[in-house]
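Novice: just a sequence and a predicted model for now, questions to come.
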There are 2 protein chains.
Amino acid sequence: MSLRVILFGLGPIGAAIGRLTQEKPNMKIVGAIDVDPAKVGQDVGQVIGLGRDLGVAVSADMAAVLATPADVVLHCTGSYLENVKDQLEACLKAGKNVVSTCEELAYSRRKHPALTANLDQVARDNGVTLHGTGVNPGFVMDKLPLTLTSVCQQVHRVDVTRIVDAGKRRLPLQKKVGAGMTEQEFRQEVDAGRIKHHGLPESAAMIADYLGLPVTKIEEAIEPVMATAPVTTEFLTVQAGQVAGVKQICEATGDGKLLVRLELQMYVGAPDAADTVHVHGTPDLTLTIPGGTHGDLATAAAAVNAVPLVAEAREGLRTAADLPVRFAPGKQVGVLA
Amino acid sequence: MSLRVILFGLGPIGAAIGRLTQEKPNMKIVGAIDVDPAKVGQDVGQVIGLGRDLGVAVSADMAAVLATPADVVLHCTGSYLENVKDQLEACLKAGKNVVSTCEELAYSRRKHPALTANLDQVARDNGVTLHGTGVNPGFVMDKLPLTLTSVCQQVHRVDVTRIVDAGKRRLPLQKKVGAGMTEQEFRQEVDAGRIKHHGLPESAAMIADYLGLPVTKIEEAIEPVMATAPVTTEFLTVQAGQVAGVKQICEATGDGKLLVRLELQMYVGAPDAADTVHVHGTPDLTLTIPGGTHGDLATAAAAVNAVPLVAEAREGLRTAADLPVRFAPGKQVGVLA
C-alpha cells in the first residue's frame, strides 16, 4: 500500500521528516504547507534539501492543501497545543490521520483536558487517528520506561536521566541551551520562557497515568550547568564560568512521595551522554543507552515510523503507549553501511 | 472492570502467575486446570502457594472448567505449539481470550504457518484474542529491540545477547542448563533435545518480519560453557572442567548476510549477567539492562500485565509487537519497598 503524506511545517525537523519519507518505498509526498515566504511556491523537494524536485509546490494555503487526497499529515509547526490546535483540527476535519511532533500532544490529558477531549472527539467524528510523537517526549522518558514495566510485577517509582552532549548537535540547539551565556543572561532567558525543553511534564504524566501511580503534583525546575573549563565545539567556545547548557528536572509526586523523576541535561562538553531508565519495582530494572538516543535522527524516525501505524490504528487520539511497535522498512534492507 | 481468569497449568510459572493475579485488584481466579493427581481436587489458592483457599478447586476436566464464564485463560502447559494446540483451540472455542507462555506461540508464523493461520482464524471466529508472551521469547530478544527500532531511520541488523547467572536461579534451571555434567553428558542431553531454551528462532523470525529484513535461513547452535574454576551455588557445586551451563546462538541470514544474531548464555557463575541489544542502523543504538531481566519474575509479570490487554485487543492472534504497552497496577501503588 502506498501512503500519501502531506508535510505541514518545513523547519529543520519537518524537513528531516520529509527527506526520510523519501527513503521509504511506500510513502509519497502529495502536499506541503509552510507560511515562510522564502519557501512558498518552491518545490518541496528543494525546500527539504533533497536536491531534486518532487513536483509538489509548498503552499501557505492550508485549506487548499488539506483538500488533497492523502493518508497522513506529518505536522511539525510548534510545541504548544494551544498554538497548533486549529491546524490539527483542520487536518482531522479534512479526514486526514495526523502524526505531530507537537511536544504537548505526546500526552496532553493532564495539562489540557478539555482541548484533549475535543481533539479526540474530532478525530473520532472524522474516523481518523491523531498521534503525538518524538524522541523526548514520545520515547526516552515515556514509551521506553513504560515498555520496561511490561515485565514488572510491581512498580513503585520511575526515574529517567537523559544526558545530551549539546556540543555534538546543531548550532541552534547549542544556542537554545544557553551555551556561552552568563548565569544572569541564562536566568533571564529561562524567566522569559526561551530556555526550556518541552515535554518533561507530559512524559511524567503519561508514566503516572499508565502505571496507575497516584501523582497529584508535577513540578519542573530549570538550572544552568556551568562550564568548569573551556569547551570548544564546531560552532562556538564556552569559557570556564560561562553557561555550558541546561539541567531540567521534573518531579511528579503524590502524598509527599516522589513517584516519577525525569532529569534532562543538555550541555556542551557533557562527558557521559546516555539515556538511563530506572524502574523501582519487582524486578527492579535499570536500562542504559550509552551515548543516548540522537534527538534529531530519532524524532524524524519516530514520526515516519508512525505513518503506517496511524493509517491503520483505531480512530481517536492515540499516545505512543497506545500503539503497537512499528518500524517502516527502507528501500534497502539488510544492508550494512 | 473485574477480570475473571482461569489458570491452565499450575507448574512453577503457572503458580507464580496465579499468585501475581491476586496482587492485582481487578483480577479474580474463577477456574483452574491441571492434570497432576496431587493437585486435582485441591483448592487452587493452596496449590499455587498463596497459603489460603480461594474457593476454587483444581480440576482435570478442561471442558468443564472452560464452560465457566471468564475473560482470560492464563495458559502455561508447554513449549511446543503442536503439543498445546488442542488446549488453545478449546479455550478459544469456549470464547475465552488466552495469554500463553508457550514459547513457540510468541511468534509461530515461520515455523508453523498452517497451525498459526488456523489458531488465528479460530480466535477471530470466536471474537477473542490469542497472545503468546514471556520474557524470552516475548520481551528481551524481540519486543525490546523492536521497540528500540521505533526511533531508527534505517535498520540493517539486530544483535541481542542475554547472559544469565544460573547460579542465582532455581535448582531446576541449574539442572536444565547442564550444570555439573561432563561435556559428553551435556552433548547427549542436547542431542536428546533435553537441553534447549525454546524461543530464539521465534524471536529472530519476529524481528526479521517486523523490520522487513530479508531473512531466508534461521539456524541455532547449542554449546556447553565449561567451568574453569569451581563454582558453588545454593544447590550444587560445579568443578573446574565440568559443564557450568549452556551457550545458545541463533543466527538469521539472508543472501549470506547476518541480519539477526541472538545469543543466550545461561551458566552458574556468570560474572556479567546482562541483557544487551545492538541495533545496527541510523542512529546506531545499544541498550543494556545490567544484571538482566529476571526470567521467572518477568515472565509472570508479562503474562499478568497482558490480561487487561487481551481482554480489549482486536480479535485474532496478536504478538507482543502487535499490542500496546501495558502494566497492570497492583493494589498498592507508589509504595517504595
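Specialist: Yep, it's here.

Novice: neighbours of the nearest residue to A:Thr116 once chain neighbours are set aside, how many?
Specialist: Nearest residue to A:Thr116, sequence neighbours excluded (Cβ to Cβ, 6 or more residues apart in numbering or on different chains): A:Ser108, at 4.5 Å. Every C-beta, even on glycine, is put in place using the N, C-alpha and C of the backbone. Applying other Cβ atoms under 10 Å in any protein chain shown, we find 24 other residues in the vicinity of A:Ser108.

Novice: what does stretch A:64-74 contact?
Specialist: A:3-8, A:14, A:17-18, A:21, A:30-33, A:59, A:90-91, A:94, A:96-100, A:303-304, A:307, A:310-311 (Cβ atoms under 8 Å, 6 or more residues apart in numbering or on different chains).

Novice: the nearest residue to A:Ala313 once chain neighbours are set aside and A:Leu92, how far apart?
Specialist: Setting aside the residues directly before and after it, A:Ala313 is nearest to A:Thr129 in space (Cβ to Cβ, 6+ apart), at 4.5 Å. Going from A:Thr129 to A:Leu92 by Cβ to Cβ, to the nearest Å gives 9 Å.

Novice: same deal with A:Glu251?
Specialist: Distance from A:Glu251 to A:Leu92, counting by Cβ to Cβ: 34 Å.

Novice: compare these two (neighbour count), which wins?
Specialist: Each of A:Glu251 and A:Leu92 has its neighbours counted (other Cβ under 10 Å); A:Leu92 has more, 27 against 19.

Novice: hang on, that one is in a helix, isn't it?
Specialist: Yes. Assessed by DSSP: H, G, I helix; E, B strand; the rest coil, A:Leu92 belongs to a helix.

Novice: OK, contacts around the residue sitting nearest the centre point of chain A?
Specialist: What sits nearest the mean C-alpha location of chain A, by Cα atoms, centre = their mean, is A:Gly134, with 2.9 Å. Neighbour list for A:Gly134: A:101, A:103, A:106, A:199, A:298-299, A:302-303 [criterion: Cβ under 8 Å, 6+ apart].

Novice: mind putting those residues into JSON lines with pLDDT, neighbour count and distance to chain B?
Specialist: What follows is the contacts of A:Gly134, written out as JSON lines (pLDDT from 0 to 100; neighbours: other Cβ atoms under 10 Å in any protein chain shown; distance: Cβ to the nearest Cβ, whole Å):
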{"residue": "A:Thr101", "pLDDT": "98", "neighbour count": "28", "distance to chain B": "13"}
{"residue": "A:Glu103", "pLDDT": "97", "neighbour count": "24", "distance to chain B": "15"}
{"residue": "A:Ala106", "pLDDT": "97", "neighbour count": "27", "distance to chain B": "13"}
{"residue": "A:Gly199", "pLDDT": "97", "neighbour count": "29", "distance to chain B": "14"}
{"residue": "A:Ala298", "pLDDT": "96", "neighbour count": "24", "distance to chain B": "4"}
{"residue": "A:Thr299", "pLDDT": "96", "neighbour count": "23", "distance to chain B": "8"}
{"residue": "A:Ala302", "pLDDT": "97", "neighbour count": "26", "distance to chain B": "5"}
{"residue": "A:Ala303", "pLDDT": "98", "neighbour count": "29", "distance to chain B": "10"}
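
Novice: tell me the one of those residues nearest B:Val44?
Specialist: A:Ala106 (42.3 Å; Cβ to Cβ).

Novice: so who does the residue nearest to the closest one when sequence neighbours are not counted touch?
Specialist: Distances taken as Cβ to Cβ, 6+ apart put A:Pro137 closest to A:Ala106, at 3.7 Å, once the chain neighbours are dropped. Shown in contact with A:Pro137 (Cβ under 8 Å, 6+ apart): A:103, A:106-107, A:198-200, A:202-203, A:206.

Novice: what do you get if the cut-off is 6 Å, keeping everything else the same?
Specialist: By Cβ atoms under 6 Å, 6 or more residues apart in numbering or on different chains, the contact set of A:Pro137 is A:103, A:106, A:199, A:202-203.

Novice: spell out the secondary structure type for it.
Specialist: What three-state DSSP gives for A:Pro137 is coil.

Novice: the one 10 residues further on too?
Specialist: On the three-state scheme (three-state DSSP), A:Thr147 is labelled helix.

Novice: wait, it sits on B:Pro145?
Specialist: No. The pair A:Thr147 / B:Pro145 is not scored as a contact, 11.0 Å apart, by Cβ atoms under 6 Å.

Novice: isn't A:Leu200 right next to A:Cys250, touching?
Specialist: Yes. Proximity of A:Leu200 to A:Cys250 meets the contact threshold set by Cβ under 6 Å, at 3.7 Å.

Novice: tell me, what's touching the two both at once?
Specialist: Overlap of the contact sets of A:Leu200 and A:Cys250 (by Cβ under 6 Å, 6+ apart) consists of A:220, A:262.

Novice: ok, those two, which is more surrounded?
Specialist: Ranked by neighbour count (other Cβ under 10 Å), A:Leu200 and A:Cys250 place A:Leu200 first, with 28 against 24.

Novice: what sits against that one?
Specialist: By Cβ under 6 Å, 6+ apart, the contact list for A:Leu200 reads A:220, A:250, A:262.

Novice: try 8 Å this time
Specialist: Each residue near A:Leu200 by Cβ under 8 Å, 6+ apart is listed here: A:137, A:141, A:220, A:248, A:250, A:262, A:264.
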